[in-house]
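Trainee: One predicted model, sequence on top.
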Amino acid sequence: MIDPHHPLIKILLVLLALLAWRRWAPVSYWYVLVFPRKVISLRWTWRHVASGCGLTKKRHRWWFTTVPGLVASTGVVQVKRRFQRVAVDTKPWMGLPRPTRNGFRITFHLLDGQIPDDYAKVCERLAHAWRIEAVRVVGSRPGRVTLQGITSDPLTHVAAAMPPAAPPGGWRADDLLRPIVGVLETGAAWRMDFRLIPHWMNAGATQSGKSNLINALLVGLAPQPVALVGFDLKGGMELSAYQARLSALATTRSECLDLLSDLIAVMGARMMACRRHGARDIWQLPDSARPIPVVVLVDELAELFLTADKAEKDQVTRTATALLRIAQLGRALGIHLVLSGQRIGSDLGPGVTALRAQIGSRVCHRVNDPETAVMTLGDLDPDALVAARSIAPELPGVAVVTGSDGRWSRARSGYVSDYAAEQAAHTYAELTLSWAQVAASGLGHELPNPSHHALNP
């Protein structure tokens, strides 16, 4: 018979309890057991880690040194003490690590001549030295930089992190044009904040999660007082299912040109309204005069720029010019672009390159060719390109996302099926305005001669 009081049995029960704790309550297990040991390890090894990552600085200090003299006849060694300049390694001062749900944060005091980018360049080295998943720069202020260590990848399971669609009228004013679409690798919610970054570029190969991001965005914006406009040159195969929530949908090149012309006219009318009220953007207008924001969803951007013959070159030029004008002026006038495509390269023409320069944030999923990754992220940290090219096919929805500060992070959109997005479009169909209503919103008049073939019935 097994003795339950035997020391080996007790040890085995303790180990089983710890394994169960780690399996079923990983957050408390991390806070109580793992994090204290990690703090001791970080502080104990910081001098060696900082030296290995090139974060230390040579400083000259005066020290007392002992200089041996001549040996007297008595055999006694005469010594002298004097000041001497000695070069020593000075490490950055490390603050006390603070725990998070999936890692920790540490603030460092920068040495003379150091900047936060010096830490951003060695984040991968720090992650290997600390034996964790990743390290990212998450904040800085004069003389300080804050790093976040990520011990486990929070992007492995994201579906549960997506919030349910809000009921009609249930959204908060602070959430207007700030939908949550997924999770960042830091564990924070991934918001596509159009108030902060007015235009977004979304690149990715087939089955990479590009369309899922559009679904998540539509679910987040559907309950809000926002007009959604679609450009789908696949004949409407992608966006027509959501037409109940779209104020306009263009499915051919001619319809796209007409709808873009209407958007330019709407921009002109909103400019005049802002001028009359002495406002610099629509958010400074009185509530009664403020027009409804418009989010333009463009699926497969390359189709707008590809030409089959010379006759289409003029259409492509006009399309590129209209999109560029919207990108340049849309933020102040409440018109926002979300440009999606499998292929976004310089071979599509100078219009795409000029348009990219106006896009404040980029989302790069797994891509088939390096040029699309370079076109999307090439003007950022080269490490962002490496991270984008290393996205595994078995993790759809994972992408490299840039922020308003120029830094990048990995993120993953929450899974939203086509059926769920379609249901959200029908649920909030009563919030959909006709294109004439969108044009007249806050202006007191309708757009003259709107393109009725592109309107939502």
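Mentor: Alright, I've got the coordinates.
Trainee: Show me what the longest helix anywhere in the chain is packed against.
Mentor: In the chain, taking DSSP state H as the definition, the longest helix is helix 253-277. Applying 3 or more CB pairs under 8 Å, 6 or more residues apart in numbering; DSSP states H and E, we find helix 253-277 packed against strand 227-232, strand 246-250, strand 294-299, helix 313-333, strand 335-341, helix 435-440. Where you see a C-beta, it was placed from the backbone N, CA and C, and this is true even at glycine.
Trainee: Can I get the ones you listed in TSV including distance to Lys121 and mean pLDDT?
Mentor: Output for these, formatted as TSV (distance: least, CB to CB, whole Å; pLDDT from 0 to 100):
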stretch	distance to Lys121	mean pLDDT
strand 227-232	39	94
strand 246-250	44	93
strand 294-299	35	94
helix 313-333	31	90
strand 335-341	30	93
helix 435-440	46	85
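Trainee: Compare the ones you listed and give me the one nearest Glu185.
Mentor: Closest to Glu185 of these is strand 335-341 (CB to CB; 21.8 Å).
Trainee: For Pro99, give its distance to Thr45.
Mentor: Remark: distance between Pro99 and Thr45 (CB to CB, to the nearest Å) = 18 Å.
Trainee: out of the two, which sits in the more crowded spot?
Mentor: Pro99 (16 against 13; other CB atoms under 10 Å).
Trainee: In this structure the more buried one contacts Pro36, no?
Mentor: No - here Pro99 does not reach Pro36: they are 9.3 Å apart, not a contact under CB atoms under 8 Å.
Trainee: neighbours around the closest residue to Ala384 other than its chain neighbours, how many?
Mentor: Among residues not flanking Ala384 along the chain, Trp408 sits closest, at 4.2 Å (CB to CB, 6 or more residues apart in numbering). As a burial measure, Trp408 scores 23 neighbours (other CB under 10 Å).
Trainee: And for the one 4 residues further on?
Mentor: Residues lying near Arg412 (other CB under 10 Å) number 30.
Trainee: Burial-wise, tell me which of the helices and strands packed on helix 253-277 comes out on top.
Mentor: strand 227-232 (a mean of 27; mean count of other CB atoms under 10 Å).
Trainee: Which elements pack onto it?
Mentor: strand 246-250, helix 253-277, strand 294-299.
Trainee: Next, the angle from it to strand 294-299.
Mentor: For strand 227-232 against strand 294-299, the angle by axes from the mean of the first three to the mean of the last three CA atoms, to 10 degrees is 20 degrees.
Trainee: residues in contact with stretch 309-323?
Mentor: Outside of stretch 309-323, the residues within contact range by CB atoms under 8 Å, 6 or more residues apart in numbering are 253-254, 256-257, 260-261, 263-264, 304-307, 337, 339, 349, 351-352, 354-355.
Trainee: thinking again about what came up before, give the rounded mean pLDDT of the longest helix of the chain.
Mentor: Mean pLDDT, helix 253-277: 91.
Trainee: got it, and stretch 145-159?
Mentor: Mean predicted lDDT for stretch 145-159 stands at 82.
Trainee: same check, this time on stretch 409-422
Mentor: 90.
Trainee: Tell me which helix or strand the residue sitting nearest the centre point of the chain sits in.
Mentor: By CA atoms, centre = their mean, the chain has its centre lying nearest to Val401, at 3.4 Å. Assigned by DSSP states H and E, Val401 falls within strand 398-402.
Trainee: Sheet partners, orientation included, of that strand?
Mentor: Neighbouring strands of strand 398-402 in its sheet, by DSSP bridges, are strand 361-364 (antiparallel), strand 408-413 (antiparallel).
Trainee: which residues touch it?
Mentor: Against strand 398-402 from outside (CB under 8 Å, 6+ apart): 155, 184, 190, 204, 208-209, 213, 361-366, 377, 380, 384, 387-388, 391-392, 408-413.
Trainee: Quick check on those: which are buried?
Mentor: 155, 184, 190, 204, 208-209, 213, 361-366, 377, 380, 384, 387-388, 391, 408-413 (16 or more other CB atoms under 10 Å).
Trainee: Distance of the nearest residue to Pro396 once chain neighbours are set aside relative to Ser261?
Mentor: Of all residues not flanking Pro396 in the chain, Gly209 sits nearest, at 4.3 Å (CB to CB, 6+ apart). Note on Gly209: its distance to Ser261, by CB to CB, is 33 Å.
Trainee: Weed out the non-buried ones from the contacts of stretch 309-323.
Mentor: By 16+ other CB under 10 Å, those give 253, 256-257, 260, 263, 304-306, 337, 339, 349, 351-352, 355 as buried.
Trainee: In TSV, list those along with distance to Asp314.
Mentor: Conversion of those to TSV gives the following (distance: CB to CB, whole Å):
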residue	distance to Asp314
Arg253	11
Cys256	14
Leu257	10
Leu260	14
Leu263	19
Leu304	13
Phe305	13
Leu306	14
Leu337	22
Leu339	21
Gly349	13
Gly351	13
Val352	17
Leu355	18
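Trainee: What is the nearest of those residues to Ala439?
Mentor: Among the buried ones among the contacts of stretch 309-323, and counting by CB to CB, the member closest to Ala439 is Leu263, at 9.3 Å.
Trainee: Double-check that closest one against Val298; I have them as touching.
Mentor: No - Leu263 is beyond contact range of Val298, at 11.7 Å (criterion: CB under 8 Å).
Trainee: Would you mind measuring from Pro154 to Val137?
Mentor: Taking CB to CB, one finds Pro154 at 18 Å from Val137.
Trainee: of these two, who's got more company?
Mentor: More crowded of Pro154 and Val137, by other CB under 10 Å: Pro154, with 22 against 19.
Trainee: Helix or strand for that one, just tell me which one.
Mentor: Using DSSP H and E, no helix or strand contains Pro154.
Trainee: Can you give me the distance of it to Ala134?
Mentor: With distances taken as CB to CB, Pro154 is found 10 Å from Ala134.
Trainee: Find residues that contact each of the two.
Mentor: Counting by CB under 8 Å, 6+ apart, the residues touching both Pro154 and Ala134 are Glu185.
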